[in-house]
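**Q** The amino acid sequence is not available; the structure is as follows:
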């Protein structure tokens, strides 16, 4: 994997670039649709690569490890072939899901022993095993196992988790380098900066992870219940410490209006379940604010969800029809709503990228902030 920096905003930390992978070029800044179980819920790969033009999607190691299993996926040609997706795939380590299991897991310095939420069987994730699983998937970008804490956390607990995260990153990287030499894989491995909401821990973690000379770095432990201002603050503390010539990935963010804020702080990559999950729940993002489609006021509304949106849903269907589908529990609603929300996100990110390339990001950001105040 190679990162090519194309442009920077002189008034902010915003950057535009290209990530070159074995499965195509990713234009940054980029928002990655979440395909937890080798599928973005409700959306065929044809539409992801077609109208949506997604260059990279995210899949989840925990869920795919449990079902159908990395051995089967590898046997069937890897995750790209298994799900018929020709473009780049990023996989997380599964750590976030394991740590959210609470009473079903036990953490040690060696890794995390956990019980499957499906059948209760015991499994062990280690820094080495999560690398092996992701290599079996054939991921383009992989993540190191880390310890993620919920908010709030004490400084002592956050420091302990941060130290363990660093130790796991070093262990995982030693194993990764051995496996890469052995297999010839082109997969990249990103370590994850942790430290909860403490700036001193974030700085310490980032500085120690730099020794790994990784092809990219992630910022984790955000969107875990903290105020949004804290998420942005921790990002702003961390990104200047990370290499300028490597992509920076903030995990699990954010709302549409937050995307340019993270970009302004030097972020290149983001992902979040919000566009697809909110779509299934009838919550649609538009250029003029949210539309909660179940509301009675849309019962006879002939207008599209968003007249400024280019998506198939907005070109074809009325708010009244979409409300009918939602109220009736029709499966088609989830597909149409998700198409719309993902188009909104991906087009927003393309606008951000274009504004950076043309030197107008500062004005773009000010416009978004002004609209939010209004």
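**A** Arrived safely, thanks for sending. If you're wondering where the values come from, they're calculated on a predicted model, not measured in any experiment.
**Q** What is the three-state secondary structure of the closest residue to residue 288 other than its chain neighbours?
**A** Excluding its sequence neighbours, the residue lying closest to residue 288 (CB to CB, 6 or more residues apart in numbering) is residue 306, at 7.3 Å. Every C-beta, even on glycine, is put in place using the N, C-alpha and C of the backbone. Under the three-state scheme (DSSP: H, G, I helix; E, B strand; the rest coil), residue 306 adopts coil.
**Q** list the contacts for residue 306?
**A** 284, 286-288, 291, 314, 340, 344 (CB atoms under 8 Å, 6 or more residues apart in numbering).
**Q** Report pLDDT for it.
**A** The score at residue 306 is 98. That number is its pLDDT.
**Q** And it, its phi and psi?
**A** phi -150, psi 110 (degrees, to the nearest 10).
**Q** now swap in residue 61 and tell me
**A** Torsion angles, degrees, to the nearest 10, at residue 61: phi -70, psi -40.
**Q** again, but for residue 18
**A** Per degrees, to the nearest 10, the backbone of residue 18 is at phi -130, psi 130.
**Q** Enumerate the beta-bridge partners assigned to it.
**A** Judged by DSSP bridges, the bridge partners of residue 18 are residue 4, residue 27.
**Q** Tell me how many other residues crowd it.
**A** Per other CB atoms under 10 Å, the neighbour tally for residue 18 reads 16.
**Q** And it, how far from residue 69?
**A** 34 Å (CB to CB, to the nearest Å).
**Q** In strands, which of the contacts of residue 306 appear?
**A** Among those, the ones falling in strands (DSSP state E) are 284, 286, 291.
**Q** Just give the number of residues close to the first one.
**A** The tally of other residues near residue 284 (other CB under 10 Å) stands at 27.
**Q** what does the last one give?
**A** Per other CB under 10 Å, the neighbour tally for residue 291 reads 22.
**Q** what's the answer for the second one, then?
**A** The burial count assigned to residue 286 is 18, neighbours taken as other CB under 10 Å.
**Q** can you pull out the strands in the stretch 51-200 of the chain?
**A** 56-59, 88-91, 105-107, 112-115, 122-125, 141-143, 188-190, 192-193 (DSSP state E, counting those that start in this stretch).
**Q** If you count neighbours, what's buried in the third one?
**A** Right, the one you point to is strand 105-107. Using 16 or more other CB atoms under 10 Å as the test for burial, strand 105-107 gives residue 105.
**Q** Determine the set of other helices and strands touching that strand.
**A** helix 95-99, strand 112-115 (3 or more CB pairs under 8 Å, 6 or more residues apart in numbering; DSSP states H and E).
**Q** Let's have the ones you listed in a markdown table, adding distance to residue 158 and mean neighbour count.
**A** Listed next are the helices and strands packed on strand 105-107 as a markdown table, based on distance: least, CB to CB, whole Å; neighbours: other CB atoms under 10 Å:
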| stretch | distance to residue 158 | mean neighbour count |
| --- | --- | --- |
| helix 95-99 | 13 | 22 |
| strand 112-115 | 17 | 18 |
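**Q** Which of these comes out lowest on mean pLDDT?
**A** helix 95-99 has the lowest average pLDDT among the helices and strands packed on strand 105-107, namely a mean of 86.
**Q** Spatially nearest residue to the residue in the chain sticking out farthest from the centre, not counting backbone neighbours?
**A** What lies farthest from the middle of the chain is residue 300; by CA atoms, centre = their mean that is 36.6 Å. Excluding the flanking residues, the one nearest residue 300 by CB to CB, 6+ apart is residue 320, at 5.6 Å.
**Q** same deal with residue 240?
**A** Leaving aside its sequence neighbours, residue 240 sits nearest to residue 266 (CB to CB, 6+ apart; 6.8 Å).
**Q** From residue 224, how far out is the one you found?
**A** With CB to CB as the criterion, residue 266 and residue 224 are 21 Å apart.
**Q** which of these two has more neighbours?
**A** residue 266 (22 against 19).
**Q** Got phi/psi on that one?
**A** Per degrees, to the nearest 10, the backbone of residue 266 is at phi 90, psi 20.
**Q** Isn't residue 282 up against residue 292?
**A** Yes: with contact defined as CB atoms under 8 Å, residue 282 reaches residue 292; the gap is 6.2 Å.
**Q** Comparing these two, which residue is more hemmed in?
**A** The neighbour comparison of residue 282 against residue 292 (other CB under 10 Å) goes to residue 282, with 20 against 14.
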